[in-house]
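Engineer: Coordinates for the following, if possible.
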Amino acid sequence: MTASWDTITALADRFDAADAELGLPPEESHLLQVLKIGEEFGEAAQAVIGAKGTNPRKGRSHSWEDVHDEVCDVVITGMVALARMRPDASAYFTAQLALKAAKFLPPPAADTAT
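Structural biologist: Residues are numbered from 1 along each chain as shown. Below you'll find the model as predicted:
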């Protein structure tokens with residue numbers, strides 16, 4: 001997962017630099033990045049509608065592979081947003097994942113081998 005976070009951090013740094021060149025303060029960059037998650041979610045939702053063919057004007061305009069691609073865009077955009085807001089994004093994500101997973105998954109079995 002480290003290589004993925006290295007790439008996410010590089011993307012975050014690139015977007016931070018671009019926003020700094022535009023004179024955007026970090027808080028505004030963070031706000032815009034979070035809004036970008038919403039934009040990407042909208043594209044994923046459109047892809048689902050297209051894959052199901054529920055828009056009578058467009059029919060089946062997307063495949064499930066398109067949906068998968070769009071969901072990846074949502075996840076990547078969210079990870080970049082977190083990396084832009086937190087220098088410890090990877091560790092924070094890991095801790096949050098453990099907290100959320102604990103609500104739904106049984107605790108790991110105790111090691112009884114001695």
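
Engineer: From one end of stretch 16-29 to the other, what's the distance?
Structural biologist: Taking Cα to Cα, to the nearest Å, stretch 16-29 runs 7 Å from one end to the other.

Engineer: How far does it sit from its chain's centre?
Structural biologist: A distance of 20 Å separates the centroid of the chain from that of stretch 16-29, by Cα atoms, centre = their mean, to the nearest Å.

Engineer: Check stretch 84-94 too.
Structural biologist: 13 Å.

Engineer: Kindly report the same for stretch 66-79.
Structural biologist: That offset, for stretch 66-79, works out to 6 Å (Cα atoms, centre = their mean).

Engineer: which parts of it are buried?
Structural biologist: For stretch 66-79, the neighbour count (16 or more other Cβ atoms under 10 Å) marks Asp66, Val67, Glu70, Val71, Asp73, Val74, Ile76, Thr77, Gly78, Met79 as buried. Glycine gets a C-beta too; all of them are placed from N, C-alpha and C.

Engineer: Need the nearest residue in space to the second one, chain neighbours excluded.
Structural biologist: Beyond its immediate neighbours in the sequence, the residue positioned closest to Val67 (Cβ to Cβ, 6 or more residues apart in numbering) is Ala47, lying 4.4 Å away.

Engineer: Ok, Val74 next?
Structural biologist: Val74 sits nearest to Glu40 (Cβ to Cβ, 6+ apart), 4.6 Å away.
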